[in-house]
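Asks: Would you be able to build a 3D model of this:
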Amino acid sequence: MINERLKALRAVMQENGIDAYIIPSSDAHKSEYVAEHWATRAWISGFTGSAGLAIVTQEHAGLWTDSRYFSQAETQLAESDFELHKQGIPHAPEHRAWLRDNIKEGGVVACDGRQFSVGDIRAIEKKLKAKNASLVLDKDLIDEIWEDRPSLPTAPIFEHDVKYAGKSRVEKLAEIREEMTADYYLVTALDEIAWAFNLRGNDVDCNPVFYAFAMIDHDSAWIFMDIDKVPEDLANKLYEEGIYLKPYEFAEAVLESLEEDKTVQFDRGTTNILLYNGIQEGNAKAEKNIIQALKAIKNETEIKHIRNAMIKDAVALTRLFRWLEKTVEERGIPETEVAEVLANFRKAQGEYHGESFDAIVGYKGNGAIVHYRAEKETCAMIEKDGVLLLDSGGQYYDGTTDITRTIRLGEPTEQEKFCYTKVLKGHIELASVVFPAGTRGAQLDTLARMHLWQANLNYGHGTGHGVGFFLNVHEGPQGFAPSPVTSRGTTVFKSGMVTSNEPGFYKDGDYGIRIENLVLCIDAGENEYGKWLKFSDLTLFPIDTRLIQMEQMTSREKKWLNEYHARVFEEVSPRMEADEVAWLREKTLVIS
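Replies: Purely as a prediction, here's the structure:
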C-alpha cells in the first residue's frame, strides 16, 4: 500500500515538474500532535511516530527521525521503499543537508507551505541556494492522491473555567498587550490560543485544543475558526468581551487587508509561511513568543489544582497496579488492556477529560522502544516475570499529568538492578539540585546522566519537557536536554515552571527503564551570590524499591527517597480505601 502511494505521489510530482517533495509531521500550526487530516507524513510513509519528516524524489524515499523512534521506524518502514535516516540529535535538521547534496542543479523542491514555519522555510532556502534550486510553497500533493482524506474535526469547543485557570481571558489579554511591540499580535499555536482565551476543544487526540488562528490588537481580538463549533452562549460572551469570531479560512485575507502602516508581531517558529506571506511587506515583526513565556509560569491557582490532580492520579495508579499484581497471577495480560484499565481508573476520579497521551505500556523488550505504542493485534502478553515500563498521563480539568514507573514482575537480575539504580540516582540528582537563577536546561540535564555515564551508559532522549495546565503534555519552552539545538537546552528556568524529570536506560530487545516525576521550579532563597532555585516534586506515587541495588545508594539518596515516600503516603492515603492504604504503606516502606 505504501509503495502504491509513493508511485502515485511520484506521478503527480512529475506532472508538476517537481524533483523533491517534503512531507513533515506537523499541521498548519506547527503542532507536535495533529488531527488525522494533517497526518500526511504518516499516511505517505506508514511511520506513525510523532516526530519525523519525509522527502520523496523519483529515486529515493527517505524518513528522518531520532533515536526515540528508531525501532518503531525500522518496523513500520520494513515493507516499503522508504529508507530510515537516523538523526543523531532529536529535531536536528539533518534532512536539509541531504536535500542540498541530492537535489540537482537548478532543481525544483516543493511542499505544502502551511506545514512549515517561517524559520523552517528560510533554513531550507539557505541550503537550496547552493544548488540554485527553487522552493515551491503551495503544493499540497498529498491531497491530490489521498482520496478518503479525513476532514478537519467539528467537535464543539468549551470554556475552561476561571476557577481552574486562575486568570480570566480579559486578564490574560491585558498581560499579552503589555508585552506587544506591534499593532497586532498574530497567534498560531493551538495551545497558546486555548490558554489565552480560556477555551478548550477536542480536535487533536489527547490535547484539549481546537483548530484556530487568533489576532490581538490593543483593544480587541479575533479568533479564526469553524464558527459552528462555538455554542451560542459562549459566542455571545466572547463578543461582549471584545473577542470576535471569524471563519478559519479568513485569517490570511484579514492579514492582507490590514492598513499599510500597521505592524504585525509573530513567532517565526510557529507561524506558517503562507500565513506570514499574507502580511504586507515590511510590516512583519519577528519577536519573542509572548504567550509561550506567560503560559510556562503557572499561577498559584493552577499550582494548587495541579497538586490535587496528582493525588487523583496516584489513586488511579494505585488501583491499576493492585489490579495488575493480582491479575497477572491468574492470566497473561495484553499490554493494551493495562492502558484501558488505567484510563477507566482515571475517569473514575472526576473532572477527567481523557488521557494526556497514548499510554506506553512496554513489557520486556517493548519497554526499550522509547515511544512504544501497543496494538491489540501485535502487543505482548504481560506474564509473571519481566520488567514492565508504564508511561502514562491524564488530562483533568484541574491539571495535566505525566508519570513513568518501571516495575519488576518476578525476581530482578543484578544487571537490571544495576541499571535501574543508576537511573534512580540520576533522577534524585536532578530532583534535589539547588541552582542559581539563570541556569539553563542543558546545564541541568547532565545531572540526570552522570551516574549512567560513569558506567559508560546513556539514553538517547532529553531528560524532561515542559507540561501544560489542562493543555499539551509537551509544552515549551523549557526542558532538560543535552543539546542547545532546541529551546529545551537553552531556556532559563524560572519559578512556576512545570517540567518532567525522566532519565532512563534501554537495553534493546530486553527491557526499558524510566523513572518520571513532574517537578515545579520554586524559589530557594537569595544571598550575596544571587537568587537560587530548586524543584518540588508534584508527582506522588511510589518508586519501585525491589529494583534498587542498595549498595549503590548513598545515605543522601536514601534520605531523599524515604522523605519522598513519606510524603506520598501522607498526601495520598487519605483519599484511599483501607486495603489500598495497606498496599501504599508497603510500597513506601523506609529503606536503609
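
Asks: Strands of the stretch 201-350 of the chain, start to end?
Replies: 212-216, 221-225, 243-246, 264-266, 284-286, 333-334 (DSSP state E, counting those that start in this stretch).

Asks: just checking, what packs against the third one?
Replies: Translated: strand 243-246. Packing partners of strand 243-246 (3 or more Cβ pairs under 8 Å, 6 or more residues apart in numbering; DSSP states H and E): strand 221-225, helix 232-240. (Each C-beta comes from the backbone N, C-alpha and C, glycine too.)

Asks: of these, which approaches residue 269 most closely?
Replies: Closest to residue 269 of these is strand 221-225 (Cβ to Cβ; 19.6 Å).

Asks: which residues sit against that closest one?
Replies: Strand 221-225 is contacted by residues 157, 173, 193, 197, 210-216, 238, 242-251, 254 when judged by Cβ atoms under 8 Å, 6 or more residues apart in numbering.

Asks: Repeat that for stretch 104-115.
Replies: With Cβ under 8 Å, 6+ apart, stretch 104-115 has contacts from 13, 16-24, 26-28, 38, 40, 99, 103, 121, 124, 128, 131-143, 272-275, 277.

Asks: Look up phi and psi at the residue nearest to residue 508 when sequence neighbours are not counted.
Replies: Leaving aside its chain neighbours, residue 508 sits nearest to residue 368 (5.2 Å; criterion: Cβ to Cβ, 6 or more residues apart in numbering). For residue 368, the backbone dihedrals are phi -80, psi -10 (criterion: degrees, to the nearest 10).

Asks: now residue 59
Replies: Main-chain dihedrals, residue 59, degrees, to the nearest 10: phi -110, psi -20.

Asks: What distance do you get for it to residue 568?
Replies: Using Cβ to Cβ, to the nearest Å, residue 59 is found at 57 Å from residue 568.

Asks: Comparing the two, which shows the higher neighbour count?
Replies: Applying other Cβ atoms under 10 Å to residue 59 and residue 568 shows that residue 568 carries more neighbours, namely 21 against 9.

Asks: Am I right that that one is in contact with residue 540?
Replies: Yes - counting by Cβ atoms under 8 Å, residue 540 is a contact partner of residue 568 at 4.8 Å.

Asks: Mutual contacts of these two, please.
Replies: Common neighbours of residue 568 and residue 540 (Cβ under 8 Å, 6+ apart) are residue 314.

Asks: Mean pLDDT lowest where, among the strands of the stretch 201-350 of the chain?
Replies: Across the strands of the stretch 201-350 of the chain, strand 284-286 has the smallest mean pLDDT, namely a mean of 90.

Asks: Could you name the helices and strands sitting against that strand?
Replies: Packing contacts for strand 284-286, counted by 3+ Cβ pairs under 8 Å, 6+ apart, involve strand 264-266.

Asks: For residue 243, name its beta-bridge partners.
Replies: In this entry, residue 243 is beta-bridged to residue 221, by DSSP bridges.

Asks: which residues does it contact?
Replies: Residue 243 neighbours (Cβ under 8 Å, 6+ apart): 169, 197, 220-223.

Asks: Would you mind giving me the PyMOL syntax to select the buried ones in the residues you listed?
Replies: Selecting the buried subset of the contacts of residue 243 in PyMOL, with 16 or more other Cβ atoms under 10 Å as the burial test, is done by:
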select buried, resi 169+197+221+222+223
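
Asks: where do the helices sit along the stretch 401-550 of the chain?
Replies: 414-432, 441-454, 487-490 (DSSP state H, counting those that start in this stretch).

Asks: Of these, which is nearest residue 326?
Replies: Checking the helices of the stretch 401-550 of the chain against residue 326 by Cβ to Cβ gives helix 414-432 as the closest, at 23.1 Å.

Asks: CA-only coordinates of that closest one in CSV, if you can.
Replies: Provided in CSV are the C-alpha atoms of helix 414-432 (Å, rounded to 0.1, in the frame of the first residue of the first chain):
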residue,chain,number,x,y,z
GLU,A,414,21.6,-8.0,39.1
GLN,A,415,22.1,-6.3,35.7
GLU,A,416,18.5,-4.9,35.8
LYS,A,417,19.1,-3.6,39.4
PHE,A,418,22.4,-2.1,38.5
CYS,A,419,21.0,-0.1,35.6
TYR,A,420,17.8,0.8,37.4
THR,A,421,19.7,2.2,40.3
LYS,A,422,21.9,4.3,38.0
VAL,A,423,18.7,5.8,36.6
LEU,A,424,17.2,6.4,40.0
LYS,A,425,20.4,8.1,41.2
GLY,A,426,20.3,10.4,38.2
HIS,A,427,16.6,11.2,38.9
ILE,A,428,17.4,12.1,42.5
GLU,A,429,20.3,14.3,41.5
LEU,A,430,18.1,16.4,39.3
ALA,A,431,15.2,16.4,41.7
SER,A,432,17.3,17.6,44.6
